[in-house]
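In: Here's my sequence, what's the structure:
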Amino acid sequence: MRWGNVYLEAVPPCLEVEALHAKNRKRTKLELVGELAAELRQVRPAVASDADLVFLACPSMDEHRELLEKAGIPYKDAMGRQADIHSLRKTFATMLNGAGVGPRVAQELMRHSDMRLTMKEYTDTNLLPLSAGLALLPSLLGKSARGV
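Out: Numbering: from 1, shown residues only. Down below sits the predicted model:
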């Protein structure tokens, strides 16, 4: 990612993914959440050119595993889930779902062509607020379902 593809003063702030780097090979703009845009504003060098890299290096998987180990984070947890790039995407999809974001919006934000991929493969159902979902149902007996 190069600074020329990061639009921090746009409303909303966004970054542009070149077709060459996009999974679907289509150029796209991705909206940045406010916290990330603020962090990028802080780290952007005052004299950065559009061609300058935002991140100077990306760790290899071996380096990633070493960093996790130093931080005391297992690469694989007791449930067999791995702390890799897809785990970040799975966290994103799960957080979108848990926040009540509609499936079609989540699919677009994940840039998936198939909603089943977003909802089944990338959403960790163990982390969904199932009890809170049930509490939203109306009572069939005319009472509040929340006290059940």
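
In: Helices along this structure, start to end?
Out: Counting by DSSP state H, one finds helices in the chain at the ranges 34-43, 61-70, 85-98, 103-110, 115-116, 130-135.

In: got these as a markdown table, with distance to Phe55 columns?
Out: To be clear about C-beta, it is placed using only N, CA and C from the backbone, and glycine gets the same treatment. Putting the helices of the chain into a markdown table (distance: least, C-beta to C-beta, whole Å) gives the following:
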| stretch | distance to Phe55 |
| --- | --- |
| helix 34-43 | 10 |
| helix 61-70 | 13 |
| helix 85-98 | 14 |
| helix 103-110 | 22 |
| helix 115-116 | 31 |
| helix 130-135 | 37 |
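
In: mind giving me the domain split of the protein?
Out: Following automatic domain parsing, the chain resolves into domains at 1-58, 59-148.

In: Can you flag the weakest of those domains by average pLDDT?
Out: Between the domains of the chain, the one with the least mean pLDDT is domain 59-148; it has a mean of 85.

In: Correct me if wrong: Pro13 contacts Glu35.
Out: No - counting by C-beta atoms under 8 Å, Pro13 stays clear of Glu35, with 10.6 Å between them.
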